[in-house]
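# Let me see the structure of the following:
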Amino acid sequence: MPGRRVAFVAGPPPLIDALTKASEWSMLHGAYVNQAAATAVLRGPRDWIAGIAAEFQQARDLLCARIAQFGAITAVTPGGGPFVFLNVSRLRAGAADVAQILLEEFGIPTTSGDFLHGPQHLRLAFGAGLDVLSEVADRLARAVELIGVRANGGSEIQCRNARGPE
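Down below sits the predicted model:
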């Protein structure tokens, strides 16, 4: 449950025992509201899950297809999760500066890869509707044009699936 930081895990007993030992004391402060919401999700109907998964896949595919057209930045199509990791190493600004420009001048919130052990990358969420993501892609294209590409070209990695070639 994004924003609620509630999860569960299933696995063999030795793994569960180890995870319990590692996390039981840090989980004592879990908010009741979060626990009640997680319980409702787990016990409630599940028919909505397939629809959400399809929506995320459409959003991911739209955003990655648009990024692949830019040439100056690249991304790996994620196999799961609601984020695309943009490789901005070819741009004339570092990732932290690109993140600031995207937010302040184009209204696109990203997280600098410096916080994620990927210093030449940005994390961009794609959990919005297709119309919003299309606008984000348009703004991203304008930002890339404004920032410009390094003379040496930087990375040449193209948009690809995280599981390998399609």
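
# Can you name the residues that contact the spatially most central residue of the chain?
Nearest to the centroid of the C-alpha atoms of the chain, with distances taken as C-alpha atoms, centre = their mean, sits residue 83, at 1.2 Å. Counting by C-beta atoms under 8 Å, 6 or more residues apart in numbering, residue 83 touches 123, 124, 125, 126. C-beta: built from backbone N, CA, C; applies to glycine.

# From these, list the buried ones, please.
123, 124, 125, 126 (16 or more other C-beta atoms under 10 Å).

# For residue 112, see how far away the nearest residue in space to residue 144 that is not next to it in sequence is.
In this structure, residue 144 finds its nearest non-sequential neighbour in residue 72, 4.9 Å apart by C-beta to C-beta, 6 or more residues apart in numbering. Separation of residue 72 from residue 112 (C-beta to C-beta, to the nearest Å): 18 Å.

# out of the buried ones among the contacts of residue 83, which are inside strands?
Counted as lying in strands by DSSP state E, out of the buried ones among the contacts of residue 83, are 123, 124, 125.

# Export those residues to CSV and append columns for pLDDT and distance to residue 41.
Below are these laid out as CSV (pLDDT from 0 to 100; distance: C-beta to C-beta, whole Å):
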residue, pLDDT, distance to residue 41
123, 95, 25
124, 96, 26
125, 94, 20
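
# between those, which is nearest residue 56?
For these, the residue nearest residue 56 by C-beta to C-beta is residue 125; the value is 10.6 Å.

# So what pairs up with the closest one in the strands?
According to DSSP bridges, the residues that bridge with residue 125 are residue 83.

# Could you list the low-confidence segments of this structure?
In the predicted model, the chain carries pLDDT under 70 at residues 1-4, 25-30, 152-166.
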